[in-house]
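# After the sequence you'll find the predicted model.
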Amino acid sequence: MAKIITIKNGTGTAELINDSYSVSADVLGYDNTSILPTNVDIISGTDNYNFTVAATGALTLHVTDSGTSEGTPIVGATFIRTDSTGNEYGAVIITDSNGDAVFNNVPYADANAPIIYFKQTASDGDHEFDGSVQNTSLTTSSETNQIQNPVGALRTINLTDANYANLPIESASITLTN
């Protein structure tokens, strides 16, 4: 007898008797044949069972100063997958010499595709970035999103004498380290 278990936010429950079961999956955006394990023995005293399923899509984040394909690529910007609240998962990915960072093995579907959450954690030190959680959905197996990292804003730095109010220092240097 088949038991269909509805999964919400990674978890589902079902009343199951002790027995051996073959496992299949129906997960939108994922390769359903990748479910592991493919067989499970439900035994007395064990109430939690873990399964995995893999996706095969690729999301490329193309990072430039203008946020367009024609902009100057940003090398060394870092990104990480998150959930909708910003919890981080997996390894950090870094933009290459073309300004591309690729999340491999992400879900995609023609319609109602799962949402992919990510955030940028750093840029190259000369460009600003949006560190908030962002999201997208893939309707094909490989897609590219344009991300803008504009040049840092021009700032005016003033240096005056501490003992003589408003007396500008004629020549100096200040080093700011982040």
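Perfect, I can see it now.
# Which parts of this structure are helices?
Counting by DSSP state H, the chain forms no helices at all.
# Only C-alpha atoms, please: export stretch 162-171 in PDB.
Extracted C-alpha coordinates of stretch 162-171, given in PDB (Å, rounded to 0.1, in the frame of the first residue of the first chain):
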ATOM      1  CA  ALA A 162      42.500  69.400  17.100                       C
ATOM      2  CA  ASN A 163      43.900  72.400  18.900                       C
ATOM      3  CA  TYR A 164      42.900  75.200  16.500                       C
ATOM      4  CA  ALA A 165      39.300  74.900  15.400                       C
ATOM      5  CA  ASN A 166      38.700  74.500  11.700                       C
ATOM      6  CA  LEU A 167      42.400  74.900  10.800                       C
ATOM      7  CA  PRO A 168      42.800  72.600   7.800                       C
ATOM      8  CA  ILE A 169      45.800  70.300   7.800                       C
ATOM      9  CA  GLU A 170      47.800  71.100   4.600                       C
ATOM     10  CA  SER A 171      49.200  67.700   3.800                       C
END
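# And I94, how far from L59?
Distance of I94 to L59, given as Cβ to Cβ, to the nearest Å: 15 Å. From N, CA and C alone the C-beta is placed, and that goes for glycine too.
# likewise I116?
For I116, the distance to L59 - Cβ to Cβ - is 6 Å.
# Between these two, which contacts overlap?
Common neighbours of I116 and L59, using Cβ atoms under 8 Å, 6 or more residues apart in numbering, are F103, V106, T136, L138.
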